[in-house]
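Participant: Here's a sequence, model it:
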Amino acid sequence: PLGLVDKAGTWYLVASARGRAGPGRPATVFRVSRITAARVLTQPAPRPPGFSLPAFWARWSEEFMSTRPSLPVRLRASPHALAAFTEVFGDGAQDALAAALPPDTHGWRELTLHFEHELAAAHRLAGFGGDVEVISPPPVRTRLRSVAEAILTRYPEP
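Facilitator: Here you go, the predicted structure:
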């Protein structure tokens, strides 16, 4: 073990691991909730010379994010939705908002957000109800409509 990191309420163990770490990669990362067994060793774990947990985490996070799938979703959003984007989507929304087209006469802006896949986009955007309109890709529009229909089925009119 080299350290624990809490990222948005999820804990990660940074550790030296035989076969997973190597030259230029002094450690690897494990999601704590997925660890199913551990044992205490009699020998202390050597810390790599000059190892810095914050520096390692910054490099690892950047590399991890660059390898994640990214589906661009073009959409229009109302001023109400736009005001919540940073809170809902985190810092990544800042770049999208900065690159957004100027507002139309009703304050709606067109922008691109990135999601891991179509279902993630539909589920994340569904919470905005009619305050967002997906322009593309068409499969996200279709999935968003399916999510809306499922919600209406769950809550029929009395």
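Participant: mind listing what residue 147 touches?
Facilitator: 122-123, 126 (C-beta atoms under 8 Å, 6 or more residues apart in numbering). Every C-beta, even on glycine, is put in place using the N, C-alpha and C of the backbone.
Participant: same question, residue 86
Facilitator: 93-94, 97.
Participant: tell me the secondary structure for it?
Facilitator: helix (DSSP: H, G, I helix; E, B strand; the rest coil).
Participant: residues near residue 85, how many?
Facilitator: The number of residues packed near residue 85 is 20, by other C-beta atoms under 10 Å.
Participant: What ranges does the protein have for its strands?
Facilitator: Remark: strands assigned in the chain by DSSP state E are 3-7, 10-15, 28-31, 71-77, 109-115, 132-136.
Participant: now for those, which one comes closest to residue 48?
Facilitator: Across the strands of the chain, the minimum distance to residue 48, taken as C-beta to C-beta, is reached by strand 10-15, at 11.0 Å.
Participant: Show me what that closest one is packed against.
Facilitator: Counting contacts by 3 or more C-beta pairs under 8 Å, 6 or more residues apart in numbering; DSSP states H and E, strand 10-15 packs against strand 3-7, strand 28-31, helix 53-67.
Participant: what about residue 83, neighbour count?
Facilitator: By other C-beta under 10 Å, 11 other residues sit near residue 83.
Participant: can you pull the pLDDT of residue 111?
Facilitator: pLDDT for residue 111: 97.
Participant: Could you do residue 155 as well?
Facilitator: Confidence for residue 155, expressed as pLDDT, is 93.
Participant: How about residue 145?
Facilitator: So residue 145 comes in at 95 (pLDDT).
Participant: What's the separation between it and residue 151?
Facilitator: 11 Å (C-beta to C-beta, to the nearest Å).
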